[in-house]
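**Student:** Fold the following and give me the result.
(one chain, ligands or ions: 1)
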Amino acid sequence: MNTTTTPNAFEGSDKARDFIARLDEFIQQELHPMAQEHGIDHDHSPSKELLQQVWKRSQAKGFYGMTLPEPMGGAGFSVHDHALVKEFIYASGTPFAPHILGELTGPPRLGALVRQSTPAQMQRFILPVARAEKAVCFAITEPDAGSDAGALQTSAVQQGDNFVLNGTKKFISGSPFCDFAVIIASTSEDPAVRETTAFFVERNRPGFSIEGGYKTMAGQSHTANIVLKDCVIPASNQIGERGKGLGLALGRITVNRLLHCPAMLGLAQLALQDSLDYARQRQQFGKPIGAFQAIQHMLADMATELAAARALMLSVARSLDLGIDARAQASMAKLYCSETAFRIADRAVQIHGGEGIVQGRRVEFLFRMLRMYRILTGTSEIQRNTIAKELLQATGR
Ligand SMILES: Cc1cc2nc3c(=O)[nH]c(=O)nc-3n(C[C@H](O)[C@H](O)[C@H](O)COP(=O)(O)OP(=O)(O)OC[C@H]3O[C@@H](n4cnc5c(N)ncnc54)[C@H](O)[C@@H]3O)c2cc1C
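**Tutor:** Residues are numbered from 1 along each chain as shown. The predicted model follows:
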């Protein structure tokens with residue numbers, strides 16, 4: 001593993017170690033040269049055609065479907081192994097990191113949908129994503145429904161054998177290159193009653209449009225809005241039961257929250273590695289800046305906090321593998337890893353001095369990227385709410 005802070009012994013299963021060794025080869029021999037040839041870095045997005053190549057190659061090598069159920073080609077990894085695989089991918093520094101397992105638009109997005117889909121939906125939506133032929137995005141957030149996801153307003157009104165959808169979905173990852181979206185819409189006729197249902201909505205349906213026009217601070221343009229104007233879909237596109245939309249979307253929220261941590265910590269490892277390299281190489285006052293105690297202490301704090309965050313992540317992963325209800329612990333991990341990773345990136349910029357704030361330096365990108373994780377998939381405040389709620393309920397029992 002590309003870090004100076006973790007012991008050399010691999011903490012996962014033999015299967016995960018072999019998987020990571022093959023991933024390493026794929027990244028070094030195919031993805032790094034591909035990124036170089038096409039001028040792709042963390043700030044320059046690949047085209048959809050190039051991404052399709054990455055998805056297809058990853059699928060052919062058996063990586064893309066890792067998170068699928070085993071009968072569909074999944075690796076059957078524990079949450080612990082899954083976290084180690086993801087950490088490795090992000091710590092490799094490839095700008096294709098979110099595309100190897102298909103986190104933005106591939107199999108990890110399918111989650112509970114695999115179990116909820118009808119045989120026809122399996123053929124039209126699920127299997128094409130598993131085969132890396134189609135891309136999916138997942139749309140809950142709206143202009144007036146962010147942390148309070150249940151307040152969503154996008155409506156799905158049944159008319160005979162169809163539903164008519166109207167509304168706007170905001171900040172949808174992967175929507176610029178999706179082939180269809182999973183839309184969580186309100187099927188309630190009474191605005192005071194919250195009833196949400198999930199639907200597959202194909203991008204080529206009249207009334208479906210993707211509106212960009214903004215770029216997040218992470219650089220690459222992965223995020224846009226989906227606007228639905230009198231978009232008609234067959235009732236057979238409904239996923240699961242009516243009224244179970246948000247439940248379906250948030251069903252694996254505990255595991256999903258935990259599985260954001262390895263991405264942040266993989267990137268934080270890069271920030272630490274770059275800082276160590278710079279501290280050894282940059283000379284001031286006749287010596288490497290790494291000779292100054294102020295720099296040494298920053299490096300020591302970065303490594304210590306990274307080790308603590310990593311230990312928390314792996315311990316929560318083990319609890320989840322044991323079937324323990326680790327809702328509060330997963331929120332603690334998401335909160336602590338995101339806040340820690342950002343502090344590490346901030347110190348990395350400081351160690352790089354003026355170079356650290358120049359666009360094109362990796363630490364400058366890492367600082368922006370790691371800032372985002374304090375907001376994505378439940379802000380730090382929402383994680384604290386979840387932790388406090390669980391604590392107060394537990395002491396009242
Ligand atoms: C890059 C990116 C990608 C995203 N991808 C997706 C996606 O693929 N699909 C999708 O559906 N959504 C996606 N989102 C949306 C994301 O989940 C929301 O941005 C997030 O949940 C926060 O909602 P909000 O931005 O509306 O903030 P708000 O909810 O408006 O929050 C504003 C502030 O108020 C605080 N706050 C809100 N409620 C409370 C409370 N009860 N207690 C204390 N503080 C509170 C928040 O913590 C925050 O500090 C994405 C967002 C970004 C930026």
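**Student:** Flag the shaky bits of this protein, pLDDT-wise.
**Tutor:** Scanning the chain for pLDDT under 70 picks out the ranges 1-8, 220, 395-397.
**Student:** roughly how far apart are the closest residue to the ligand within it and residue 225?
**Tutor:** Closest approach of the chain to the ligand (CB to the nearest ligand atom) occurs at residue 146, with a separation of 1.7 Å. Quick note: C-beta positions are derived from backbone N, CA and C, even for glycine. According to CB to CB, to the nearest Å, residue 146 and residue 225 sit 13 Å apart.
**Student:** If you tally nearby residues, what's the number for the closest residue to residue 358 other than its chain neighbours?
**Tutor:** Nearest non-adjacent residue to residue 358, counting by CB to CB, 6 or more residues apart in numbering: residue 364, 6.3 Å away. Neighbourhood size, residue 364 [other CB atoms under 10 Å]: 21.
**Student:** Wait, residue 141 touches residue 150, no?
**Tutor:** No: taking contacts as CB atoms under 8 Å, residue 141 lies outside contact range of residue 150: 11.7 Å.
**Student:** circling back to that earlier point, neighbour count: residue 146 and residue 225, which is higher?
**Tutor:** Per other CB under 10 Å, whichever of residue 146 and residue 225 has more neighbours is residue 225, with 20 against 16.
**Student:** Pretty sure the more buried one sits against residue 170.
**Tutor:** Yes: between residue 225 and residue 170 there is a contact under CB under 8 Å: 5.1 Å.
**Student:** who in the stretch 1-150 of the chain is up against the ligand?
**Tutor:** 138-141, 146-147 (CB under 6 Å from any ligand atom).
**Student:** can you do 8 Å?
**Tutor:** 137-141, 145-149 (CB under 8 Å from any ligand atom).
**Student:** Out of the residues you listed, list just those in strands.
**Tutor:** 137-139 (DSSP state E).
**Student:** could you pull out the helices for the stretch 101-250 of the chain?
**Tutor:** For the stretch 101-250 of the chain, helices defined by DSSP state H, counting those that start in this stretch occupy the ranges 113-116, 119-121, 127-130, 245-250.
**Student:** Next, the buried residues of the shortest one.
**Tutor:** It refers to helix 119-121. For helix 119-121, burial by neighbour count (16 or more other CB atoms under 10 Å) applies to residue 121.
**Student:** if we can go back for a sec, who has more neighbours, residue 141 and residue 150?
**Tutor:** residue 141 (19 against 14).
**Student:** residues in contact with that one?
**Tutor:** By CB atoms under 8 Å, 6 or more residues apart in numbering, the contact list for residue 141 reads 149, 169-172.
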